[in-house]
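In: sequence first, predicted coordinates after that:
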Amino acid sequence: MSFQAHTIAILKDLEQNALQLDNAQAMKLISQIRNAKHIFLQGAGRSGIAIRAFANRLVHLGFSVSVVGEISSPHSKPGDLLIIGSGSGETSSLKSLAHQAVENGVEVALITMKSDSTIGQLASSVLVLPGKMKTENDRQLIHFSQPMGSAFEQLCFIVYDAIVLELMDQLGETSQSMFKRHADFE
């Protein structure tokens, strides 16, 4: 397969997965975001990179946001929201974080491939992104498949941007109004 063919196959794979997204799950997460006093976000590995980009856009929309582990992150309070991006929903550090959030009265939202995971059971909302776990055997799949969890992480970026677009519509935000909140010290 050529480079261009690989690129097209990836896009088709993502399109097929995107067609399986549950709008009601997404809208519940969007409602939680709008109602949260403060939003904490965390993911591990490549999922963590995607969720950090999402945190950045939420700041541009005017939300009070922190990435867990940053030194400037405030103490959590009831009424806050913790959004976790985890394909498996079983990453040890993220499970511990979700347990702590629930103990502190913080709502947990999970973006995952496994709604019945440990974190999924703790979460008040779960947005399932179809895809293949990085530990699943490629030979079990009939259609084109990317290695490990690549499709999940790529779809995370797209889904997070779709959530931002929906929030922009709901809040009456534009690229121009968001740019006023963009970092000027770079």
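Out: All right, it came through fine. On a predicted model such as this, the values are computed, not experimentally measured, just so you know.
In: the closest residue to L171 other than its chain neighbours: how many residues sit nearby?
Out: Nearest non-adjacent residue to L171, counting by Cβ to Cβ, 6 or more residues apart in numbering: L61, 6.5 Å away. Quick note: C-beta positions are derived from backbone N, CA and C, even for glycine. Using other Cβ atoms under 10 Å, L61 is surrounded by 19 other residues.
In: quick one, what contacts L61?
Out: By Cβ atoms under 8 Å, 6 or more residues apart in numbering, L61 lies in contact with V164, L167, M168, L171, E173, M178, R181.
In: any of the residues you listed buried? List them.
Out: Applying 16 or more other Cβ atoms under 10 Å to the contacts of L61, the neighbour count classes V164, L167, M168, E173, M178 as buried.
In: isn't the first one up against V59?
Out: Put plainly, it is V164. No - using Cβ atoms under 8 Å as the test, V164 is too far from V59 to be in contact (10.9 Å).
In: right, and S47 touches C156 too?
Out: Yes - in terms of Cβ under 8 Å, S47 counts as a neighbour of C156; the distance is 6.3 Å.
In: now do the shared contacts for these two.
Out: In contact with both S47 and C156: G85, using Cβ under 8 Å, 6+ apart.
In: more crowded one of the two?
Out: Comparing S47 with C156 by other Cβ under 10 Å, the one with more neighbours is C156, at 26 against 23.
In: what about the more buried one, which helix or strand?
Out: C156 is located in helix 150-171, with elements delineated by DSSP states H and E.
In: got the buried residues for the helix or strand following that helix?
Out: Past helix 150-171, further along toward the C-terminus, the next helix or strand under DSSP H and E is helix 175-179. The neighbour-count check on helix 175-179 (16+ other Cβ under 10 Å) flags M178 as buried.
In: low-confidence bits of this structure, can you list those?
Out: Within the chain, the stretches with pLDDT under 70 are 132-145, 148.
In: and with 50 instead?
Out: Within the chain, the segments meeting pLDDT under 50 span 138-143.
In: and the strands in it?
Out: 39-43, 65-67, 81-85, 107-112, 125-128 (DSSP state E).
In: name the surrounding residues that touch the last one.
Out: The set of residues external to strand 125-128 that reach it, using Cβ under 8 Å, 6+ apart, is 21-22, 25-26, 28-29, 32, 107, 109-115, 120, 159.
In: name the strands paired with it and say parallel or antiparallel.
Out: In the sheet, strand 125-128 lines up against strand 107-112 (parallel) (DSSP bridges).
In: what angle do the strand it pairs with and strand 81-85 make?
Out: Angle, strand 107-112 to strand 81-85, by axes from the mean of the first three to the mean of the last three Cα atoms, to 10 degrees: 10 degrees.
In: understood, closing this out.
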